[in-house]
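Engineer: All I have is the shape, not the residue letters:
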């Protein structure tokens with residue numbers, strides 16, 4: 001946790017002492033920041049994760065490579081960026097990688113709301129930090145959703161358009177319904193503070209705004225998205241690689257089953273992109289370092305000739321097929337099978353279920369974490385799994401027996417988030433189902 005907080009403070013400090021950069025290319029100090037992050041990200045990666053990289057040779061740094069990956073956590077970039085950077089450093093015709101980043105990363109509060117979860121005083125301290133300059137210095141540029149935005153993005157755009165007016169005059173709903181505890185007469189600047197950060201982080205359609213403001217902001221937002229896609233297409237046409245998470249946001253339930261329209265539009269706009277599929281998987285039900293897997297697939301060429309349906313399905317299926325079967329997934333599907341047989345689960349039965357499934361999948365050619373397949377690795381991983389479940393009150397271990405709450409296993413967790421069991425089981429099902437999916441044949 002100390003290392004996590006230190007990294008957050010460093011990023012916040014960089015954000016607080018720099019100004020926004022609007023130029024398409026970073027200023028002279030951008031190279032220094034890129035080099036600094038290229039050196040510190042691998043260090044952070046080694047501190048926080050036990051990373052396994054496969055398929056590194058598949059990345060040829062060909063001009064106009066569009067790197068597409070599933071989006072598990074905000075730490076994905078900490079794993080992927082240095083891997084790609086050092087994979088092509090000094091070789092290949094391609095240029096410097098650029099990143100398609102979510103709009104929320106460029107808003108004040110990103111560090112506080114998404115990276116740093118405690119302590120509260122530090123979250124409040126870094127809340128004003130805006131990473132825009134740092135992100136653009138490393139060639140990360142924002143794009144938003146077409147129909148919804150974070151409330152803070154709506155209100156900041158309103159403030160830029162009409163000034164620091166009372167919040168009650170710009171909303172179409174009662175202020176208490178949108179921002180509990182806020183005074184309708186409070187100016188926007190006062191509402192855009194840490195005190196209301198939970199409400200500001202919620203996503204709303206443009207209908208939350210008063211009609212006159214809504215129409216202007218929606219039109220402006222559409223123009224911003226088109227401009228962002230034009231910029232990204234220009235990056236690819238210039239021969240530089242570009243990273244994009246086609247889902248457009250974090251996976252909330254462990255499934256990768258949708259590619260946003262922006263991906264299709266970008267492929268249509270660029271002259272001749274080459275798609276490089278990447279999968280990132282975390283073995284999250286553990287203590288200590290998380291085991292993480294970054295797998296780079298083979299390049300997909302000639303994608304501009306593909307239909308929209310084929311492009312979307314091929315990317316979803318290919319990225320999913322690159323996933324790694326983890327201990328967390330095996331434990332989740334093992335419990336899913338065993339809890340239907342009685343009120344208690346024997347630890348020996350669960351261990352046997354995990355190991356047998358892992359061996360069968362490895363024999364069938366799936367990528368299975370090798371740590372699960374060795375006696376020492378399995379024993380160590382089982383201890384970490386038990387410690388995780390005990391600490392988070394997910395299971396109760398009584399001698400050789402496991403007591404469980406069916407609602408915890410198959411329901412939702414706090415704040416209506418997907419249960420970790422459901423999340424891990426969905427990851428497993430996505431990988432297995434992708435292996436049996438028939439791809440759309442090439443046209444013509």
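Structural biologist: Arrived safely. Please read all numbers here as calculations on a predicted model, not as lab measurements.

Engineer: What distance do you get for the closest residue to residue 259 other than its chain neighbours to residue 326?
Structural biologist: Setting aside the residues directly before and after it, residue 259 is nearest to residue 246 in space (C-beta to C-beta, 6 or more residues apart in numbering), at 4.1 Å. To be clear about C-beta, it is placed using only N, CA and C from the backbone, and glycine gets the same treatment. Using C-beta to C-beta, to the nearest Å, one obtains 22 Å as the distance from residue 246 to residue 326.

Engineer: can you check residue 178 too?
Structural biologist: Applying C-beta to C-beta to residue 178 and residue 326 gives a distance of 39 Å.

Engineer: do residue 431 as well
Structural biologist: Using C-beta to C-beta, one gets 10 Å for the distance from residue 431 to residue 326.

Engineer: Now do the same for the top strand by length along the chain: mean pLDDT, whole number.
Structural biologist: Ordering each strand of the chain by length in residues (DSSP state E) puts strand 274-283 first. The average of the pLDDT scores along strand 274-283 is 95.

Engineer: Paired strands for whatever helix or strand comes next after that strand, with orientation please.
Structural biologist: Tracing the chain past strand 274-283, the next element assigned as helix or strand by DSSP states H and E is strand 290-296. Strands adjacent to strand 290-296 in the sheet, as given by DSSP bridges, are strand 49-54 (parallel), strand 274-283 (antiparallel).

Engineer: How about residues contacting the next helix or strand after strand 290-296?
Structural biologist: Moving toward the C-terminus from strand 290-296, the next helix or strand (DSSP H and E) is helix 308-321. For helix 308-321, the external contacting residues (C-beta atoms under 8 Å, 6 or more residues apart in numbering) are 68-70, 246, 256-259, 263-264, 267, 275, 277-279, 297, 300, 303, 306, 430-431, 433-435, 437, 439-440, 442-443.

Engineer: Could I get the average pLDDT for helix 308-321?
Structural biologist: If you average the pLDDT values across helix 308-321, you get 92.

Engineer: what's the angle between that helix and strand 290-296?
Structural biologist: In this structure, helix 308-321 runs at an angle of 140 degrees to strand 290-296, with axes from the mean of the first three to the mean of the last three C-alpha atoms, to 10 degrees as the basis.

Engineer: Which elements pack onto the helix or strand immediately after helix 308-321 in the chain?
Structural biologist: Using DSSP H and E, the next helix or strand after helix 308-321 towards the C-terminus is helix 327-338. Applying 3 or more C-beta pairs under 8 Å, 6 or more residues apart in numbering; DSSP states H and E, we find helix 327-338 packed against helix 347-363, helix 375-391, helix 406-410, helix 420-435.

Engineer: If you count neighbours, what's buried in helix 327-338?
Structural biologist: Judged by neighbour count using 16 or more other C-beta atoms under 10 Å, the buried positions of helix 327-338 are 327, 328, 329, 330, 331, 332, 333, 334, 335, 336, 338.

Engineer: Can I get those residues in TSV including distance to residue 64 and pLDDT?
Structural biologist: Listed next are the buried residues of helix 327-338 as TSV, based on distance: C-beta to C-beta, whole Å; pLDDT from 0 to 100:
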residue	distance to residue 64	pLDDT
327	38	97
328	36	97
329	35	97
330	39	97
331	41	96
332	39	95
333	39	95
334	44	94
335	45	92
336	43	89
338	49	89
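
Engineer: related to what we said a few turns ago, for ChimeraX, what selects the buried ones among the contacts of helix 308-321?
Structural biologist: Under the burial definition 16+ other C-beta under 10 Å, those of those that qualify are selected in ChimeraX by:
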select :68,69,70,246,256,259,263,264,267,275,277,278,279,297,300,303,306,430,431,434
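
Engineer: thinking again about what came up before, tell me the pLDDT of the residue nearest to residue 259.
Structural biologist: At residue 246, the predicted lDDT confidence score is 87.

Engineer: can you list the buried residues of helix 327-338 in a markdown table and add distance to residue 372?
Structural biologist: Written out in a markdown table, the entries for these read as follows (distance: C-beta to C-beta, whole Å):
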| residue | distance to residue 372 |
| --- | --- |
| 327 | 5 |
| 328 | 10 |
| 329 | 10 |
| 330 | 7 |
| 331 | 10 |
| 332 | 13 |
| 333 | 13 |
| 334 | 12 |
| 335 | 16 |
| 336 | 17 |
| 338 | 18 |
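
Engineer: Tell me what angle the longest strand of the chain forms with helix 420-435.
Structural biologist: 140 degrees.

Engineer: ok, so what distance separates residue 433 from residue 69?
Structural biologist: The value you get for residue 433 to residue 69, if C-beta to C-beta is used, is 19 Å.

Engineer: Repeat that for residue 272.
Structural biologist: Distance from residue 272 to residue 69, by C-beta to C-beta: 21 Å.

Engineer: before we move on, the earlier item: just give me the closest of the buried residues of helix 327-338 to residue 164.
Structural biologist: When the buried residues of helix 327-338 are compared for distance to residue 164, the smallest value, 47.3 Å, is given by residue 328; criterion: C-beta to C-beta.

Engineer: Quick one: residues contacting the closest one.
Structural biologist: With contact taken as C-beta under 8 Å, 6+ apart, residue 328 is in contact with 283, 284, 285, 286, 385, 420, 424, 427.

Engineer: Now it: closest residue in space, sequence neighbours ignored.
Structural biologist: When the adjacent residues along the chain are set aside, residue 328 lies closest to residue 285, with 3.9 Å between them (C-beta to C-beta, 6+ apart).

Engineer: OK, contacts around that neighbour?
Structural biologist: Applying C-beta under 8 Å, 6+ apart, the residues contacting residue 285 are 327, 328, 331, 385, 388, 389, 420, 424.

Engineer: got the contact list for the first one?
Structural biologist: If you count contacts by C-beta under 8 Å, 6+ apart, residue 327 has them with 283, 285, 286, 291, 354, 369, 371, 372, 381, 385.

Engineer: do the third one as well
Structural biologist: Contact criterion C-beta under 8 Å, 6+ apart gives 285, 350, 354, 385, 424 as the residues in contact with residue 331.

Engineer: ok, so of those, who is nearest residue 209?
Structural biologist: Nearest to residue 209, judged by C-beta to C-beta, of the contacts of residue 331 is residue 424 at 38.6 Å.

Engineer: The closest residue to the closest one other than its chain neighbours and residue 257, how far apart?
Structural biologist: Nearest residue to residue 424, sequence neighbours excluded (C-beta to C-beta, 6+ apart): residue 332, at 3.7 Å. Distance from residue 332 to residue 257, counting by C-beta to C-beta: 18 Å.

Engineer: what do you get for residue 189?
Structural biologist: Applying C-beta to C-beta, one obtains 40 Å for the distance of residue 189 from residue 257.

Engineer: What's the local residue count around residue 112?
Structural biologist: For residue 112, the neighbour count with other C-beta atoms under 10 Å is 23.
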